[in-house]
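[1] Coordinates only, no sequence provided:
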């Protein structure tokens, strides 16, 4: 069966690469993935797979039903790009300034189209219904996963699987773990208000820039001194906006950042400590603050039976030595988490790196790229999982 799966995937590989490159050249952001969704719907229609469009606003769902089956497995791909300027020199580079597929969603979409083709060819071997989920807006919160769930995409689904190309692992490898795999991904925005004035008379002001700098430094101690060293967490200040004149101390500043955690106890501790620091710094200096905290996607949780199914398929396809298990949880966030909170699930990293080709940059890097052979392995794994039923 291993040879049969790879043979079928290889037969479609060149065309799937072409589809990926076409999508790569025409990136679409958020829910505005109409062109990409059209490519998907057309591909499924050609396979005579019943298609539903407009799910979760612009998502596409295909159902490959098997007579007599009582179980349904879902396979999910995301379709949206990022608002980042691409800095690669590939011939299929993004045609649009400030938009680019620098997280691999173009590959995910193409891989799942390839999977649909192969499963149609191997339909007589299927023991379970298959739902193909093509989701918009993974990169923004609230994202497309919850929107699709609201439109009943998980109805009658017994298990769901997601796949992500990952250049930190070499092509031909798979990686996953049990339990928490990706972090709760929260954001915050802070305003510190002091008293503005002339930069030459700082004693007549309450300088919010200074207070903001103190807060940024103090926030670095939260993980190192308030979180158990055996727990994982990240607090990153990523925005600092202050003033617009060199000789004026501004009346207020704004800060923004992200918190990444793997359990609610740590998350709540960090939220409390962020506000404690804010309150202490501003109160001591006759300033005030506003603290807006937005909880994002929950933890992406891998359920044991689904992980075992993935490991069985992965080890059959690439061997024990190329199946990386267990990996340590990653503090990146993924709205696949919304599915995994409601349905038994497993999220898998598909190795896409190739040092010889210089393909080493992480997702969201302006020079991110993948070894396109990773799509062959992504297709093979999703086909194998589906066939195991």
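    Received it, and whenever you're ready, just let me know what you need. Bear in mind that the values here come from a model prediction, so they are computed numbers and not experimental data.
[2] Spell out the residue ranges of the strands in the stretch 251-389 of the chain.
    Under the criterion DSSP state E, counting those that start in this stretch, strands of the stretch 251-389 of the chain are mapped to 252-261, 288-297, 300-302, 323-324, 345-353.
[3] quick one: which of the ones you listed is nearest residue 162?
    The minimum distance between residue 162 and the strands of the stretch 251-389 of the chain falls on strand 345-353, with 4.6 Å, by Cβ to Cβ. C-betas here are computed from N, CA, C, even on glycine.
[4] Can you list the strands that that closest one pairs with?
    Strand 345-353 has its sheet partners listed here by DSSP bridges as strand 159-170 (parallel), strand 174-175 (antiparallel).
[5] Going along the chain, name the helices of the stretch 151-300 of the chain.
    Under the criterion DSSP state H, counting those that start in this stretch, helices of the stretch 151-300 of the chain are mapped to 208-219, 221-226, 264-283.
[6] between those helices, which gets nearest to residue 362?
    helix 221-226 (20.7 Å).
[7] And for stretch 179-188, what's in contact with it?
    Stretch 179-188 has contacts (Cβ atoms under 8 Å, 6 or more residues apart in numbering) with 141, 232, 234, 256-264, 267, 274, 291-302, 327, 329-334, 336-337, 347.
[8] I meant stretch 239-247, not that one.
    Outside stretch 239-247, the residues touching it (Cβ under 8 Å, 6+ apart) are 198-200, 208-209, 212, 216, 249-250, 253-257.
[9] switch the cut-off to 10 Å
    Outside stretch 239-247, the residues that touch it by Cβ atoms under 10 Å, 6 or more residues apart in numbering are 187, 189-192, 196, 198-200, 207-210, 212-213, 215-216, 249-258.
[10] Next, the distance between the ends of it.
    Stretch 239-247 stretches 22 Å from its first residue to its last (Cα to Cα, to the nearest Å).
[11] can you tell me which helix in the protein is longest?
    The longest helix of the chain (DSSP state H) is helix 2-25.
[12] Skipping its backbone neighbours, what lies nearest residue 208 in space?
    Counting by Cβ to Cβ, 6 or more residues apart in numbering, residue 208 lies nearest to residue 194, which is 3.9 Å off, once chain neighbours are set aside.
[13] any idea where the strands of the stretch 51-200 of the chain begin and end?
    Counting by DSSP E, counting those that start in this stretch, the strands of the stretch 51-200 of the chain are 51-55, 59-64, 72-78, 129-135, 159-170, 174-175, 179-182, 184-193, 197-198.
[14] Could you list the residues in contact with the last one?
    Yep, that's strand 197-198 we're talking about. Contacts of strand 197-198 (Cβ under 10 Å, 6+ apart): 203-207, 247-251.
[15] What's the separation between residue 186 and residue 352?
    28 Å (Cβ to Cβ, to the nearest Å).
[16] Please identify which of the two sits among more neighbours.
    Per other Cβ atoms under 10 Å, whichever of residue 186 and residue 352 has more neighbours is residue 352, with 29 against 22.
[17] Give the full set of residues in contact with the more buried one.
    Contact analysis of residue 352 by Cβ under 10 Å, 6+ apart lists 104, 107, 164-173, 359, 363, 368-375, 377-378.
[18] what do you get if the cut-off is 6 Å, keeping everything else the same?
    Contact analysis of residue 352 by Cβ atoms under 6 Å, 6 or more residues apart in numbering lists 165-167, 171, 370-371, 374.
[19] Let me have these in JSON lines, extended by neighbour count and distance to residue 130.
    Compiled in JSON lines, those are given as follows (neighbours: other Cβ atoms under 10 Å; distance: Cβ to Cβ, whole Å):
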{"residue": "165", "neighbour count": "28", "distance to residue 130": "21"}
{"residue": "166", "neighbour count": "24", "distance to residue 130": "24"}
{"residue": "167", "neighbour count": "24", "distance to residue 130": "28"}
{"residue": "171", "neighbour count": "22", "distance to residue 130": "25"}
{"residue": "370", "neighbour count": "26", "distance to residue 130": "25"}
{"residue": "371", "neighbour count": "21", "distance to residue 130": "27"}
{"residue": "374", "neighbour count": "27", "distance to residue 130": "22"}
